[in-house]
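J.: With the input below, show me the fold.
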Amino acid sequence: MKVEIKDFAVDLQVKSKGLEFEVRKPDGTFLGDLVVTNTQVIWCLGKTDRKNGVSVKLQDLMQILASPATKKAAISAAKKA
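T.: Coordinates of the predicted model:
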């Protein structure tokens, strides 16, 4: 993957506007944008606008990534969906 910062609107802390990362395949194909704010992470598949992206609260993401077992369970569930 090729990940670039798309909009670097940050002082020293991530504010409510957050950071927007542009995600592309190594061949340059655009996959989407990943937005990280001070409360959530938002995945915007393709040209999806931030307000229509899929978000997860940081607290929930921390629980998912708390251990290899919870991470594996979350990935397995996502692949089945």
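J.: how about the strands in this structure?
T.: Counting by DSSP state E, the chain has these strands, from start to end: 2-7, 19-24, 30-36, 40-45, 54-57.
J.: Report the helix or strand with the lowest average pLDDT across this protein.
T.: strand 2-7 (a mean of 77; mean pLDDT, DSSP states H and E).
J.: and the angle for that strand with strand 30-36?
T.: 50 degrees (axes from the mean of the first three to the mean of the last three CA atoms, to 10 degrees).
J.: how about CSV for the strands of the chain, with distance to residue 70 added?
T.: For every residue, glycine as well, the C-beta is placed using N, CA and C. Output for those, formatted as CSV (distance: least, CB to CB, whole Å):
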stretch, distance to residue 70
strand 2-7, 24
strand 19-24, 23
strand 30-36, 20
strand 40-45, 16
strand 54-57, 13
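J.: tell me the contacts of residue 37?
T.: 14, 15, 16, 17, 18 (CB atoms under 8 Å, 6 or more residues apart in numbering).
J.: Flag the shaky bits of this structure, pLDDT-wise.
T.: Filtered on pLDDT under 70, the chain yields the residue ranges 10-13.
J.: Can you tell me the centre-most residue of it?
T.: Residue closest to the average C-alpha location in the chain (CA atoms, centre = their mean): residue 34, at 3.9 Å.
J.: for the least confident helix or strand of the chain, packing partners?
T.: Contacts defined by 3 or more CB pairs under 8 Å, 6 or more residues apart in numbering; DSSP states H and E place strand 2-7 against strand 19-24.
J.: for the strand it packs on, the distance to its chain's centre please.
T.: 8 Å (CA atoms, centre = their mean, to the nearest Å).
J.: Parallel or antiparallel, list what pairs with that strand.
T.: Sheet partners assigned to strand 19-24 using DSSP bridges are listed as strand 2-7 (antiparallel), strand 30-36 (antiparallel).
J.: about what we covered before: from residue 68, how far out is the residue nearest to the centre of the chain?
T.: 22 Å (CB to CB, to the nearest Å).
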